[in-house]
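Chemist: I'll drop the sequence and a predicted model, then ask my questions.
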Amino acid sequence: MTASDGHIYLLLAVAALLGLLLLWRLARRLRRGPPRRPGFFRRTGWPLGLFLVVMVGTWLIVMVVLPQLFMIDLSFRPRLPLAQMGGPRDIYTLQNYRYLLFGSTVSTESWNAVHLRALGLTIVSAMLITLFNLVLCYPLAYYMGQVAGPRGLRLLLLLLIAPYWLNDILRAFAFRILFAESGLLNAMLLGAGLLDRPIDFIGQNIALYACLTYAYMLLMLFPLYNALEAFEHSQAEAARDLGAPWWHIHLFVVVPAVKGGIASGCTLVFMLATGALAAPLVLSGTSVLWFTPIVYDRFYQVFNWPQGAAYAFALLAICIILVIALLRRLRLSLTDVVR
Amino acid sequence: MRFGRLACFAYLLAFFTYLFAPLAVMGLTAFNTASFPSAWPIEGWTLDWFAALARDGEMLYGLRNSLWIGLLVVLVSVPTGLAGALMMQHIAPSLRGVYYVLAVAPVLIPGVIIGIATVIFWREATLNAGLRFLYNGTLLTVMGQSSFIASYCMLIFIARLHRFDRTLEEAAADLGAGKTTIFFHITLPFLRPAILSAAVLAFLSSFENYNTTTFAILADKTLTTVLAGQVRQGTTPSVSALAVLIIGVTTAAFLLVEFWRGGDWRRRRAALA
């Protein structure tokens, strides 16, 4: 048995252990007293129950959990030619993470400024995009949830969804044409006499921010709308009767009531904006701003997959930690968010 | 109050201008004779870019691949999403929270990371098991895309199941129907509209996906990866022509479905009257 076989068996063992743990918990729960509900297969019948277990099991284990575990596993291994994988040189190491931090697999003398800067900027920019999206979508979501009638709502929904039939690449391309130095926006601003020299929107990354805000807008709008639709309007009226100005009502009555929707919109936009790839590839300005193109290059320019896995996992881990920290502050759980 | 109304109108106008600006740009560029893609000034009107598109073999190859992958993704993710939603109903309440987080997690994980993880897993798994032929771009893309598209489908089915009247199942059981009969005669027919919307959503999400596909497709190509290559190299307005075609086809399909459903609705109302 080679070491790489070992990796597989290790991972399978972890999966099996998790399964056993769940079974054990289940068994303990069953032993504690007669179950209040009939068992799973009793409720579904054997054929349907088997179908459910096989489908969901395959999906969650083979398509969701195992790939993530393999990615994490690879990120702790050195880069080796295929023939040597699983050989004696295939050991666990931190060198890929060392490279992300220090720009070298062995020394820790200087920081890997380019990659760390891109990582930091990606996180901060994604946060700003999330905030901007929240401010942009809140009024419309409020209108849709509290003011609009069913006919108007239907039209609005159609108008909102239609532009998203364009895929990421084409959208980014459209923004490039729109924001180019000789593009439509500059032509309009020059023609109106507001500018005397065209602005380099792409070089300043304004086009990138505009495109990313646009791309993830619906992910903010729909959770907000869902929360605002359930909001009891009489609460706002009570606040108005007590003399609160309109911005007081929104800030201290409506927003706390819909904070679940806000958190879920923000989580979605933030997670997916940090992972955006198409827009940064097409619209990046003079300097490398986004982290995902760097990850992409680890795979298809440098051909160093373990390093790419480490970069990807680092990005995912940072995002998850930030989201969980935010939810803790808001006293919400992850299940509230993905409702 | 008048000022408030004006501000509200200005906001809506700005919002929808922003939303539709890319579409307008694509529309203008696709018919503009200028060979460098630009929306303004209009140098003359032409349909040449559509003809150029039809001659672009790489693009057509990518399109065919994308359509195949979309179909396979529908076939994998709709049944999976259905099973996921029914599982949510039947799973022990103590496990429900954990299960739900796990099943929805693929929606939250960036597509890039799903693509990377899928490629790494299948490379190692097929290498060790001697199943090299399974390490194939189309298969990997279907696997990677389905992992999160199944979650979308599951959410659609869960929403529909919320409105399901459980007493129907009980009535059928009282009349002696087995669990499997109940599923095929009561639950599945109730879910039929959701199956249709899940299939449409799954196909569209697969067709327009880039982040997961670009990793999982390996050396092969789909429409979006061909597009990405062309756009990065600088391109002709035939890309805009493609955008116009995509919007045209989806809008037409949407109106058709809407019309068909509207007819259905009228018929039902007539039947009630």
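Modeler: Arrived safely.
Chemist: ok, which residues in the stretch 151-273 of chain B are in contact with chain A?
Modeler: The stretch 151-273 of chain B comes close to chain A at residues B:178-180, B:183, B:204, B:207-211, B:214-215, B:224, B:227-228, B:231-232, B:235, B:239-240, B:242-243, B:246-247, B:250-251, as judged by CB under 8 Å from any CB of the partner chain. Any C-beta I mention is one placed from the backbone N, CA and C, and that applies to glycine too.
Chemist: Just give the nearest non-adjacent residue to residue B:179, would you?
Modeler: Leaving aside its sequence neighbours, residue B:179 sits nearest to residue A:45 (CB to CB, 6 or more residues apart in numbering or on different chains; 2.6 Å).
Chemist: So the one you found sits against residue B:177, correct?
Modeler: No. The pair residue A:45 and residue B:177 does not pass the contact test of CB atoms under 8 Å, sitting 10.4 Å apart.
Chemist: pLDDT value on residue A:262, please?
Modeler: Listed pLDDT for residue A:262 reads 91.
Chemist: Let me fix that, I meant to ask about residue A:336.
Modeler: Reported pLDDT at residue A:336 in the predicted model: 65.
Chemist: Please apply the same query to the one 3 residues further on.
Modeler: At residue A:339, the model reports a pLDDT of 55.
Chemist: how about low-confidence regions in the stretch 151-300 of chain A?
Modeler: By pLDDT under 70, the weakly predicted segments of the stretch 151-300 of chain A are A:285-288.
Chemist: Sorry, slip of the keys, the one I care about is the stretch 51-200 of chain B.
Modeler: Within the stretch 51-200 of chain B, no stretch has pLDDT under 70.
Chemist: Single out the residue in it that lies closest to chain A.
Modeler: Using CB to the nearest CB, the single residue of the stretch 51-200 of chain B nearest to chain A is residue B:110, 2.1 Å away.
Chemist: which SS state does the closest residue to residue A:273 other than its chain neighbours fall under?
Modeler: Nearest residue to residue A:273 in three dimensions, chain neighbours excluded: residue A:126, at 4.3 Å (CB to CB, 6+ apart). Following DSSP: H, G, I helix; E, B strand; the rest coil, residue A:126 is assigned to helix.
Chemist: these two touch, right, residue A:126 and residue A:266?
Modeler: No. Assessed by CB under 8 Å, residue A:126 is found out of contact with residue A:266, at 10.4 Å.
Chemist: coming back round to it: okay, now the residue nearest to residue A:273: neighbour count?
Modeler: Neighbours of residue A:126 under the rule other CB atoms under 10 Å in any protein chain shown: 24.
Chemist: now swap in the one 4 residues further on and tell me
Modeler: For residue A:130, the tally of surrounding residues (other CB under 10 Å) stands at 24.
Chemist: And it, how far from residue A:264?
Modeler: Computed as CB to CB, to the nearest Å, the residue A:130 to residue A:264 distance reads 12 Å.
Chemist: And the helix or strand where residue A:154 lies, how far out from the chain middle?
Modeler: In this assignment (DSSP states H and E), residue A:154 forms part of helix A:150-161. Between the centre of helix A:150-161 and the centre of its chain there are 26 Å (CA atoms, centre = their mean, to the nearest Å).
Chemist: again, but for stretch B:57-72
Modeler: That offset, for stretch B:57-72, works out to 15 Å (CA atoms, centre = their mean).
Chemist: Give me the contact list for that stretch.
Modeler: Residues from elsewhere that reach stretch B:57-72 (CB atoms under 8 Å, 6 or more residues apart in numbering or on different chains): B:53-54, B:138, B:141-142, B:145, B:202-203, B:206-207, B:213, B:220-227, B:230, B:238, B:242.
Chemist: Just the ones in helices from the residues you listed, please.
Modeler: When DSSP state H is applied, the contacts of stretch B:57-72 are split such that B:53-54, B:138, B:141-142, B:145, B:202-203, B:206-207, B:213, B:223-227, B:230, B:238, B:242 fall in helices.
Chemist: Break the chain into its domains for me.
Modeler: Reading this off chain A. Domain assignment of chain A by automatic domain parsing yields the ranges A:3-93, A:113-337.
Chemist: not quite, I wanted chain B
Modeler: Using automatic domain parsing, the domain parsing of chain B gives B:60-235, B:237-273.
Chemist: Turn those into CSV, columns for mean neighbour count.
Modeler: Below are the domains of chain B laid out as CSV (neighbours: other CB atoms under 10 Å in any protein chain shown):
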stretch, mean neighbour count
domain B:60-235, 19
domain B:237-273, 14
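Chemist: Can you name the residue of chain A nearest chain B?
Modeler: residue A:275 (2.1 Å).
Chemist: Identify the residues contacting that residue.
Modeler: Residues near residue A:275 by CB under 8 Å, 6+ apart: A:292, A:315, A:319, B:109-113, B:211.
Chemist: one more time with 10 Å, if that's ok
Modeler: Residue A:275 makes contact with A:122, A:126, A:290-292, A:295, A:312, A:315-316, A:319, B:108-115, B:211 under the criterion CB atoms under 10 Å, 6 or more residues apart in numbering or on different chains.
Chemist: what about the helix holding residue A:154 and chain B, touching?
Modeler: Yes. Residues of helix A:150-161 contacting chain B under CB under 10 Å from any CB of the partner chain: A:154, A:156, A:158-161.
Chemist: Now render those as TSV, adding distance to residue A:112 and neighbour count.
Modeler: Below are the residues of helix A:150-161 next to chain B laid out as TSV (distance: CB to CB, whole Å; neighbours: other CB atoms under 10 Å in any protein chain shown):
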residue	distance to residue A:112	neighbour count
A:154	52	12
A:156	47	17
A:158	48	13
A:159	45	13
A:160	41	19
A:161	42	12
